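> Pasting a predicted model and its sequence here:
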Amino acid sequence: MNCPRCKKEMIEGDAELHGTFVGYLLVGWSYQKLFFHAKGAHRTRETSALQTGERAVAWRCESCSGLFIEQPPWIPGYR
């Protein structure tokens, strides 16, 4: 897959949202979610992208640090 920003080849992998051991020691366990907010939309109109411990297919561009995350199938509206 080519990067939509700089058009260079991206590296396929996965994205995962999770806490760390150090974070647990400093802050404790907390539920985490990654949200997407459309540009110009009201902040209450958000789409959940990942929940704690879930993994999604992702591509990262080493050239410009762009990151593309494919939404997992559990999300409403997933194609």
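On my side now, so go ahead.

> after the helix or strand of the chain with the lowest mean pLDDT comes which helix or strand?
Of the helices and strands making up the chain, the lowest-confidence element is helix 21-26, at a mean of 73, by mean pLDDT, DSSP states H and E. Downstream of helix 21-26, the next assigned helix or strand under DSSP states H and E is strand 33-37.

> after that following strand comes which helix or strand?
Using DSSP H and E, the helix or strand that directly follows strand 33-37 along the chain is strand 46-51.

> so what's residue 5 up against?
By CB atoms under 8 Å, 6 or more residues apart in numbering, the contact set of residue 5 is 61, 64, 66. From N, CA and C alone the C-beta is placed, and that goes for glycine too.

> switch to 10 Å and redo it
Contacts for residue 5 were tallied using CB atoms under 10 Å, 6 or more residues apart in numbering; they are 61, 63-66, 68.

> what does residue 35 give?
Applying CB under 10 Å, 6+ apart to residue 35 gives the contacts 43, 46-50.

> can you rerun that using 8 Å?
Counting by CB under 8 Å, 6+ apart, residue 35 touches 46-49.

> and the most centrally placed residue in the chain, how far is that from residue 22?
Ranked by distance to the mean C-alpha position of the chain (CA atoms, centre = their mean), the top residue is residue 69 at 5.3 Å. Counting by CB to CB, to the nearest Å, the gap from residue 69 to residue 22 is 24 Å.

> The residue nearest to the centre of the chain contacts residue 56, doesn't it?
Yes: with contact defined as CB atoms under 8 Å, residue 69 counts as touching residue 56 (5.3 Å).

> list the residues that contact both of those two?
15, 49-50.

> Now the buried members of these.
15, 49-50 (16 or more other CB atoms under 10 Å).

> which one of the shared contacts of residue 69 and residue 56 is nearest residue 28?
Nearest to residue 28 out of the shared contacts of residue 69 and residue 56 is residue 50 (CB to CB; 20.6 Å).

> Perfect, that will be all.
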